[in-house]
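S.K.: sharing a model that was predicted from the sequence below.
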Amino acid sequence: MKKWMEHVKSSLWAQASLYTLFVLATSLSVYLMDKSAIAFLLLLASLLLLYYTSFPVKLKWAAAGLLLVIVIPFATSGGPSHESYMEVATQCGIYIAMALGLNIVVGFAGLLDLGFVAFFAIGAYTYAIFATPQANNFISGHLFPVSGSTFWLFIFIGGFIAALFGILLGLPVLRVKGDYLAIVTLGFGEIIRIIFNNLEKPVNITNGAMGLSSIKPPDLFGMDFIFPHQIYFIVLAILLLVLFGVRRLEHSRLGRSWKAIRDNEIAAQAMGVPLTLTKLSAFAVGASFSGMMGVVFAAKQTYVDPTSFTLLESITILAMVILGGMGSVPGVILGASLVTLLNIQVLTDVTQWLNELTAQGVINVPSALSPAKMQRFIFGAILVLIAVFRPYGLIASRNRKEDVEKLKERRSSAAISVNSTNGPSGGVTP
Amino acid sequence: MSMKKSFVALLIFVLAGSLLAACGKKSNSEASSGGGGSNKTVIKIATQSPLSGGSAVQGEAIKLGAQLSLDDHKDEFAKLGFDIQLAPYDDQADPKKGVANAELVAADKQILAVVGHMNSGVAIPSSVVYEKYNIPMVSPSNTATQVTDRKLKVVNRIVARDDFQGPAAAQYAVQTAGAKNIFVIQDKTAYGQGLAEAFKTEAEKQGAKIAGYESITIGEKDFNGILNQALTKKPDFIFFGGLYAEAGLLVKQAKEKGLDVPFMGADGIDTQGIVDVAGDKVTGVLYTSISTDITKTADGKAWADKYKQKFGKNVDGYSAYAYDCMSVILEALKKAINDNGGKLPSREQVRDAVRATKDFQGVATKVTFDDKGDNDYAKVFIYKFEKAAYPGSMISDISK
Amino acid sequence: MVSSILHSLPQVLVDGLTLGAVYAVVALGYTMVYGILELINFAHGEIFMTGAYVGTAVLFGFHALGWFEGAGWIAYMLILAAAMLFTGLLGVGIERVAYRPLRKAPKLISLISAIGVSFLLQDFVRFIAELRTGNYIVTGITLYNDNHKIATSSVSGVFGDAFLKTNTIIVFIVAVLMMVGLDMFSKRSKWGVAMRAVAQDRETASLMSINVNKVIALTFFIGSALGGATGVLFAQQYATIDPFIGYILGLKAFTAAVLGGIGNIRGAMFGGLLIGLLEMFAAANLGLITHGNFGAEYKDVFTFLILILVLIFKPQGLLGKAVKEKV
């Protein structure tokens, strides 16, 4: 058995065939057994397995793309649960993007942000206010609601406005550090929520606690995106954009500056990292991811109200990041998926199952202990267990290994260029 | 090595979770094929209400009320060859969770209708999902006007709309109670805000002065700040749009400050809860309700006793409404089955049958849905706590 | 407008100081744990809530047995003691199970553990309360219910009268006693000195033959016991409690601790009282000042804005000492 494992580990072909087998088996079972959430979860787990295979990176990306774009939407389309699965996948995607955004602020730059959901709210309200007649209350000329085809533009507007608010929050916050920063951002998050909850007077902008309903769904060449399997592709596209951005940023000069600040602010400053700019950019980039998903969220729900943006939500996103492993992109993706799946699929299913057992008289629990009410309890228990047993997160972050020989090579070629051009100045030495 | 370990751990984690889920689903199919030892077709009616979190008391009342009605009709449906079951979902008073649950409800083909939601804020986005799959929803507590004003085919409610209940309360306050200087408080939820605004507009129309219009934060226990402001305005009437826990504390703290003026709420305080919270000080509090005093009729009293005996809890504000919601649905379901020649009806048929409900006599109210899904019979009754016991005594009624 | 504000001022002061005293004692728990472990103990609000429930439950027990009918103050002392003992031990238990294994882990992971514990506690209390009474919103027995009028209007005509419950006085006295006691303890006693030493430098303290684990456990015991006692005071003051009271109150208390300078015991007391007063003042007067455009619903915005301003201009909090960073 051990030998066999060794063989699998060493041979790419063995891995590839086993992996294909796994994907085929799970997607077939999802397709045929409509109600089996286990098959669906295993199919999603195939993405995780992919991460652990030793395929070349490009192949991994291609395979992941294939799975997400074709296999998963198709495999789940076998029965009535299709939309439900797609809804779950969509919400996963939204949370992954937000968690990746928060990961930049908390994981890369080490700035603890407890009010992150505010940017999500800002994105959502940006679209909601203009895609309903609401904006007519403060802009004259009955121009609103704008049509659903502007949604695509609003994704970027939402991201931009959220980034602007990120900078706005960042400016005063730069003076405070550590846990003081945590409480200031927490205050900021609450302030934004309370303002959205109360801005129906003196001018009715957000419609207060009543929320904004009948938001226009996205529209592409006359086709409305109203079903989860349609929204899924929008989320997927944005998620790819976000992922691409994060991967590029992580090892860029900016990304390294973030990590330098996180590890030691004073040392980073001494090495010439501009603190203000670096911190502000972390806030802005993180916020913009969240803002974009906010726009999608508003369009998907067709309704926004302030109850979606509570402190609990900020904490849930933070839990995703820490659970997955701060600073680790695959970890954060895993963390966000697990928490979302747990919350909207697994716990609900378990609850239904226990309910049925109760109804059939197999088990009997008093209503105070009814499993339907235990979701918070289970969530709490999982958080504690994971924290105690895997304190560095599920996939701990690792710095990219630099090949010493390659670096030497690069240095010698850089030295040549220094000689010839009188040298670039500054820069962070790796 | 550590990578392998973490991999194994993860896989176990995922497997454990999904195994459980799978078991759930398996028993699901078992239930449909052989549950109860006969081959009856299973029909499920879902409830969606918050079963955990801050408003779980009312959410639970909705679930239990619906369950009682379902159990009452079980035999009737068994004779028709159907096994009706309850599928309670916890929407956590969260719109996101409500929508995700709605998709799950839609995926379960055995579910033909939904009782819920409790919060208008959750009902509005979730009903968009129901509309896509033609699942009728009957709400025991959504009063926001937007719920039915969007003219969805699936949305129905048995309670009065904010723009009926609020003005009715205002009419009573100004005309009957003679209020001239009213202080309005709301709890900044979709329910409280809608109600308080409707009340305020009508009260101003009737010629009363609004001394102040303020809001509190739900879940807090100290409302002295707002009451201090009310004190300086010297109102002769206080209206509160919100739920019983806050209302009870407001009443109590107002009296402790010597602010002893009539206090009025709406169906959100139509529950035993306010008596528990405010104790003796609840005496004199007014509230509106869409249900007649059920304990006055013999049937109603018997019903309340049965509820208490079955669940070990007193009847709560929304239990009777939820009972009626479920009864309306089951009545429509029966009709749809008959029209379909005794076979399992489609969701569309049930949806149309629910909307066609006419003159249905429930425990709390009579039900006829209009073309928007509002209840024509939603009559508003005014109650007053003459002593510290629930329910108060009915002192007036206002129809549309 | 000014006359209205002055008119309600005496009552606002009384209510604000009462609420502030509650915040202050809960803030102490946050500040003590933070000072020693640099950990935001998110579960502290839930410990406060548990205290409220334990106190109420014990009082129900006394009532059912018919004990101390005539002697309310004995019952009061006993429920305070019971709640303090219970929550103190609970705090120690939480530290042992959920925080100690994480002392060497990244700082933030303890935060996750704390959030988990707070969910667990909320739900645990919820289902015990629901199992016993059928409803988790519990209204307890109030021991002192009478009301006094303070004739502040006789001092000057611009003021109105203020009302004061007997229990308000008790809340205030007990809170002050606890705060003074803790201050004395940390300044004078051997354990208090050890506590401060551990807070300053854990490793050096351990070299000076201080049992660090014991000191941390003691810190949790004292902080949680204070939180539990405040829970009892809260339950007596407002009578109605639910398992979620710790959440909002904990948030405000934590804000108070930061405002005063986290890790600083006197700062937490000061911050608590200040936040209580600010909040009460804002709720009573914001609507008047802005002519109804921005009402009492902005009271928390007001509080948080002040906090943010303070932190920007005095990042270490009002009474905190600026820490020089070692390079």
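M.R.: Looks like it came in fine.
S.K.: confirm residue B:143 sits in a strand?
M.R.: No - assigned with DSSP: H, G, I helix; E, B strand; the rest coil, residue B:143 falls outside any strand and is coil.
S.K.: pull the contacting residues for it.
M.R.: B:120, B:157, B:159-162, B:165, B:191, B:194-195, B:267 (CB atoms under 8 Å, 6 or more residues apart in numbering or on different chains). Any C-beta I mention is one placed from the backbone N, CA and C, and that applies to glycine too.
S.K.: can you tell me the element the residue of the stretch 1-150 of chain C found nearest chain B falls in?
M.R.: Nearest to chain B, among the residues of the stretch 1-150 of chain C, is residue C:15, at 3.8 Å (CB to the nearest CB). Here residue C:15 sits within helix C:2-37, counting by DSSP states H and E.
S.K.: mind checking the backbone torsions on the residue nearest the centre of chain B?
M.R.: Centroid check for chain B by CA atoms, centre = their mean gives residue B:141 as the closest residue, at 2.9 Å. Main-chain dihedrals, residue B:141, degrees, to the nearest 10: phi -150, psi 0.
S.K.: surely it is in contact with residue B:62?
M.R.: Yes - using CB atoms under 8 Å, residue B:141 is in contact with residue B:62, at 7.1 Å.
S.K.: now for those two: what residues contact both?
M.R.: Applying CB under 8 Å, 6+ apart, one finds that residue B:141 and residue B:62 are jointly contacted by B:118, B:318, B:321.
S.K.: least confident secondary structure element in chain C?
M.R.: When the helices and strands of chain C are scored by mean pLDDT, DSSP states H and E, strand C:147-150 comes last with a mean of 78.
S.K.: helices or strands up against it?
M.R.: Applying 3 or more CB pairs under 8 Å, 6 or more residues apart in numbering or on different chains; DSSP states H and E, we find strand C:147-150 packed against strand C:162-165.
S.K.: off-centre distance for the helix or strand following the strand it packs on?
M.R.: Following strand C:162-165 in sequence order, the next helix or strand is helix C:166-188 (DSSP H and E). Averaging C-alpha positions (CA atoms, centre = their mean, to the nearest Å) puts helix C:166-188 12 Å from its chain's average.
S.K.: now the angle from helix C:166-188 to helix C:2-37?
M.R.: Angle of helix C:166-188 versus helix C:2-37, following axes from the mean of the first three to the mean of the last three CA atoms, to 10 degrees, is 40 degrees.
S.K.: buried residues in helix C:166-188, which are they?
M.R.: Buried residues in helix C:166-188, counted by 16 or more other CB atoms under 10 Å in any protein chain shown: C:166-168, C:170-172, C:174-175, C:178-179, C:182, C:186.
S.K.: need those residues in TSV with pLDDT and distance to residue B:351, can you?
M.R.: Below are the buried residues of helix C:166-188 laid out as TSV (pLDDT from 0 to 100; distance: CB to CB, whole Å):
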residue	pLDDT	distance to residue B:351
C:166	86	59
C:167	86	55
C:168	86	56
C:170	89	59
C:171	88	56
C:172	86	60
C:174	89	60
C:175	88	59
C:178	89	61
C:179	86	63
C:182	89	64
C:186	86	68
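S.K.: near chain A, which residues of the stretch 1-150 of chain C show up?
M.R.: Counting by CB under 8 Å from any CB of the partner chain, the residues of the stretch 1-150 of chain C close to chain A are C:34, C:38, C:40, C:97-98, C:101-102, C:105-106, C:108-113, C:115-120, C:122-124, C:126-127, C:130-131, C:134.
S.K.: let's see that with 7 Å instead.
M.R.: Within the stretch 1-150 of chain C, the positions adjacent to chain A are C:40, C:98, C:101-102, C:105-106, C:108-109, C:112-113, C:115-117, C:119-120, C:122-123, C:127, C:130-131 by CB under 7 Å from any CB of the partner chain.
S.K.: among the residues you listed, name the ones in helices.
M.R.: Under the assignment DSSP state H, the residues of the stretch 1-150 of chain C next to chain A contribute C:108-109, C:112-113, C:115-117, C:119-120, C:122-123, C:127, C:130-131 to helices.
S.K.: for the residue lying closest to residue B:383 once chain neighbours are set aside, give me phi and psi.
M.R.: Leaving aside its sequence neighbours, residue B:383 sits nearest to residue B:392 (CB to CB, 6 or more residues apart in numbering or on different chains; 4.1 Å). When read as degrees, to the nearest 10, the backbone of residue B:392 gives phi -70, psi -180.
S.K.: over to the one 5 residues further on?
M.R.: In this entry, residue B:397 is assigned phi and psi values of phi -140, psi 150 (degrees, to the nearest 10).
S.K.: name the SS class of the closest residue to it other than its chain neighbours, please.
M.R.: The shortest distance from residue B:397 to any non-neighbouring residue, by CB to CB, 6+ apart, is to residue B:381 (4.6 Å). Secondary structure state of residue B:381, per three-state DSSP, is strand.
S.K.: residue B:381 against residue B:287, yeah?
M.R.: No - assessed by CB atoms under 7 Å, residue B:381 is found out of contact with residue B:287, at 9.3 Å.
S.K.: look at the two and report which has more neighbours.
M.R.: Taking other CB atoms under 10 Å in any protein chain shown, residue B:381 and residue B:287 do not tie; residue B:287 has more neighbours (26 against 21).
S.K.: which residues does the more buried one form a beta bridge with?
M.R.: Beta-bridge pairing for residue B:287 (DSSP bridges): residue B:265, residue B:383.
S.K.: wait, what's in contact with it?
M.R.: Residues in contact with residue B:287 (CB atoms under 7 Å, 6 or more residues apart in numbering or on different chains) are B:264-266, B:269-270, B:383, B:392.
S.K.: among the residues you listed, which one is most surrounded by other residues?
M.R.: With neighbours taken as other CB under 10 Å, the top of the contacts of residue B:287 is residue B:269, carrying 33 neighbours.
S.K.: from residue B:195, how far out is it?
M.R.: 11 Å (CB to CB, to the nearest Å).
S.K.: about what we covered before: in strands, which of the contacts of residue B:143 appear?
M.R.: Applying DSSP state E to the contacts of residue B:143, the entries found in strands are residue B:157.
S.K.: show me the two of the contacts of residue B:143 that sit farthest apart.
M.R.: B:157 and B:195 (14.4 Å; CB to CB).
S.K.: so between those two, which is more surrounded?
M.R.: Neighbours were counted for residue B:157 and for residue B:195 using other CB under 10 Å; residue B:195 has more, 31 against 27.
S.K.: for the more buried one, give me the pLDDT.
M.R.: Note on residue B:195: pLDDT of 90.
S.K.: which pLDDT does the model give the closest residue in space to it that isn't next to it in sequence?
M.R.: Leaving aside its sequence neighbours, residue B:195 sits nearest to residue B:241 (CB to CB, 6+ apart; 3.8 Å). pLDDT recorded at residue B:241 is 90.
S.K.: residue B:210: what secondary structure?
M.R.: Counting by three-state DSSP, the backbone at residue B:210 sits in strand.
S.K.: can you check residue B:255 too?
M.R.: For residue B:255, the secondary-structure state derived from three-state DSSP is helix.
S.K.: looking at it, it is touching residue B:282, isn't it?
M.R.: No - Residue B:255 lies out of contact with residue B:282 (CB under 7 Å); the separation is 9.8 Å.
S.K.: now do the SS call for the closest residue to chain B within the stretch 151-300 of chain A.
M.R.: Ranked by CB to the nearest CB, the top residue of the stretch 151-300 of chain A for proximity to chain B is residue A:209, at 4.5 Å. For residue A:209, the assignment made with three-state DSSP gives helix.
S.K.: got the contact list for it?
M.R.: By CB under 7 Å, 6+ apart, the residues touching residue A:209 are A:197, A:305-306, B:188-190, B:193.
S.K.: from those, which is closest to chain C?
M.R.: Nearest member of these to chain C, counting by CB to the nearest CB, is residue B:188, at 5.8 Å.
S.K.: can you get me a residue count around the residue nearest to that closest one when sequence neighbours are not counted?
M.R.: Spatial nearest neighbour of residue B:188, chain neighbours left out: residue B:215 (4.5 Å); criterion: CB to CB, 6+ apart. Summarising burial for residue B:215: neighbours were counted as other CB under 10 Å, giving 26.
S.K.: thanks a lot, catch you later.
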